[in-house]
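Engineer: give the three-dimensional model of this entry:
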Amino acid sequence: MQQRTRPGGRGAGPRGSSPRGQNGSPRGTQRAGGRAPSRPMLARRAVATGGAALRTRAPQPRRFTSRAVLLSLVLLVLLLAYAYPVRVYLAQQAEIQALEASQQLQAAKVADMEARARKWDDPEYVISQARQRLHMVLPGEKPYIVVDPANRTETDPAELPGAPKPPRPWYGKLWSSVEAADKQ
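Structural biologist: Reported below is the predicted structural model:
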């Protein structure tokens, strides 16, 4: 016959060495009938009418523990707390990049204007510009102006600068004052 073992892994030992009383129950816990209290009842499987045991499902663990919910709430609060400063930081970085690009464009314009200003220090450039823009010539030269008939446009003598303008009717003056007021 096999010897029973206790949950701790030790054997039950000889019969007389037990801490139980004479009738097998632990000392001081004897019942009126002389029997020891039985083990707590475990949940038993329900038996089907056919004699086979029904399978029961094991209890499913909860998906979210209170710690997990608390941790997710803390992370959500931190995310919301940092969202606005990060947005401000990104907006400032974009503004800095735009200002740096504008500064480079302005530096290129300044370099171009400095180069154009240095050209005016050269007397040959001044003479060429005077000939082109003002139709001036040096003493002893004869100027020639070529008139291209393809570019010739008919102009109204009233539209020439310095020509007297014809008088306008009163309603034309009124309408021009309304248009002038609308532009401002």
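
Engineer: against Leu174, how distant is Ala181?
Structural biologist: In this structure, Ala181 lies at 11 Å from Leu174, with C-beta to C-beta, to the nearest Å as the measure. From N, CA and C alone the C-beta is placed, and that goes for glycine too.

Engineer: quick one: which of those two has more around it?
Structural biologist: With neighbours defined as other C-beta atoms under 10 Å, Ala181 and Leu174 compare such that Leu174 has more, 11 against 8.

Engineer: can I get stretch 121-140 in CSV? Just the C-alpha atoms.
Structural biologist: Once non-C-alpha atoms are left out, stretch 121-140 reads as follows in CSV (Å, rounded to 0.1, in the frame of the first residue of the first chain):
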residue,chain,number,x,y,z
ASP,A,121,31.2,103.9,-60.3
ASP,A,122,32.4,103.0,-63.8
PRO,A,123,32.3,106.0,-66.2
GLU,A,124,31.7,103.9,-69.3
TYR,A,125,28.6,102.5,-67.7
VAL,A,126,27.3,106.0,-66.9
ILE,A,127,27.8,107.1,-70.5
SER,A,128,26.0,104.0,-71.9
GLN,A,129,23.1,104.6,-69.5
ALA,A,130,22.9,108.3,-70.5
ARG,A,131,22.8,107.3,-74.2
GLN,A,132,20.1,104.6,-73.6
ARG,A,133,17.8,106.4,-71.2
LEU,A,134,18.2,110.0,-72.0
HIS,A,135,19.3,109.9,-75.6
MET,A,136,22.4,112.0,-74.8
VAL,A,137,25.5,112.1,-77.0
LEU,A,138,29.0,113.3,-76.6
PRO,A,139,30.1,116.6,-78.2
GLY,A,140,30.8,116.0,-81.9
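
Engineer: that stretch - what's its average pLDDT?
Structural biologist: Here the mean pLDDT over stretch 121-140 is 92, rounded to a whole number.

Engineer: can you offset everything so residue one is 352?
Structural biologist: Taking 352 as the first residue, the last one we looked at is stretch 472-491.

Engineer: what sits up against it?
Structural biologist: The set of residues external to stretch 472-491 that reach it, using C-beta atoms under 8 Å, 6 or more residues apart in numbering, is Lys470, Trp471, Pro494, Ile496.
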